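Trainee: This is a predicted model, with the sequence first.
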Amino acid sequence: MQKPCVWATCLCWLLGLGGSVAAGTPAPPLEKPGWVLTFHDEFDRPQLNDMYWYSAYRSGRKEYFKRIGRESRWADHNAHYVLEDGVLKLRIDENLPFRPDKSTRCVSCIQTSDHRFGATTAEYQILDKFAQKYGWFEIRAKCTRGSGLLNAFWLHQHDPTKQEYTPEGERKNVGDGVVEIDIIELQGRNIHDDRSSVDINVHFTESAHHRPEIPIDASAGFHVYAMEWQEERVDWYVDGELIGTYEGPTPQEKMFVLIALFQYSGWIGEIDPETVYPRDFEIDYVRVYAREEK
């Protein structure tokens, strides 16, 4: 039986962290009591570690759509990024990622899994570099502002037949089953000097979409965004404070990590023609933990 969905914004968050609006939040220790570190990248190398990441946005789906005659929404799936001073900057510039003009939708994304279909969708290869069922998923990041921009950190099921598109290329709808957990989706237009609104989701449940407001300027400093995924429960945190809880069905298989900066006109607003480039979604680290076995 599906449990009810419960959402709360903690009073302690509102009262205790008002002073951190501009300063950001220091990085916590790598060791986390009660947890085992299973994946982490501190981005302290001069190049992206290809043992961990695919630097493209879901290229397996792009190839499959091409095969069945459906056009991908993205002109270029390759990520544009720079690594500077131990920070990964997923970047959108005037000409990169490649697109015919600045009004064309684009994305810079890295992810820990991809796939390739064979002759049919019954034949596929999963290209996992990392995927995990349950645990604690965390980044320390600084977001970018602007209409038509989206800073995102989320999980997808690594089995491509259980993701959000049918074999015919149709996107599933609410009620079609749990396929995705959004740890954060921060719209650039929802970031303000004294507050930000963060989208947190479990797709495609009946209560898939919630947008708590938090008292920080997500573009002014680095903040720690985290999510704990358990059987039939997901809890979201910002800077260690609970901002939301979901209770109900959760994915039954491993999920992989995606981090991206999107720009397009749609539910995140219209692309601002006066946007000053580059726009960066800056990530200090990614860390994933599993509960210690007792």
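Mentor: Cool, the structure landed.

Trainee: ok, now which ones touch Ser196?
Mentor: Ser196 makes contact with 143, 186, 190, 213-214, 216-218, according to Cβ atoms under 8 Å, 6 or more residues apart in numbering. C-beta coordinates here come from the backbone N, C-alpha and C atoms, glycine included.

Trainee: Roughly how far does it sit from Glu282?
Mentor: Distance, Ser196 to Glu282, using Cβ to Cβ, to the nearest Å: 15 Å.

Trainee: so Glu282 makes contact with Phe222?
Mentor: Yes: at 7.4 Å, Glu282 counts as touching Phe222 under the criterion of Cβ atoms under 8 Å.

Trainee: what touches both of the two?
Mentor: Counting by Cβ under 8 Å, 6+ apart, the contacts common to Glu282 and Phe222 are 141-142.

Trainee: Buried by neighbour count, from the contacts of Ser196: which ones?
Mentor: 143, 186, 190, 214, 216-218 (16 or more other Cβ atoms under 10 Å).

Trainee: Low-confidence ranges, the stretch 51-200 of the chain, go.
Mentor: Under the criterion pLDDT under 70, no range of the stretch 51-200 of the chain is flagged.

Trainee: Would you map the helices across it?
Mentor: Assigned by DSSP state H, counting those that start in this stretch, the stretch 51-200 of the chain shows helices spanning 59-67.

Trainee: the strands in it, which residues?
Mentor: Taking DSSP state E, counting those that start in this stretch, the strands of the stretch 51-200 of the chain run over residues 81-84, 87-92, 106-111, 113-117, 124-128, 135-142, 149-157, 180-187, 196-197, 199-203.

Trainee: What's the end-to-end length of stretch 63-83?
Mentor: 28 Å (Cα to Cα, to the nearest Å).

Trainee: Show me which positions of it end up buried.
Mentor: 64-65, 72, 74, 76-81.

Trainee: which one among those gets closest to Thr120?
Mentor: Nearest to Thr120 among those is Tyr64, at 10.5 Å by Cβ to Cβ.

Trainee: Excluding chain neighbours, give the residue nearest to that closest one in space.
Mentor: Phe117 (5.1 Å; Cβ to Cβ, 6 or more residues apart in numbering).

Trainee: Across the sheet, point out what pairs with the one you found.
Mentor: Tyr124 (DSSP bridges).

Trainee: go on, Phe262?
Mentor: Val107, Leu150.

Trainee: when you give positions from now on, start the count at 27
Mentor: Shifting the count to begin at 27 puts that one at Phe288.
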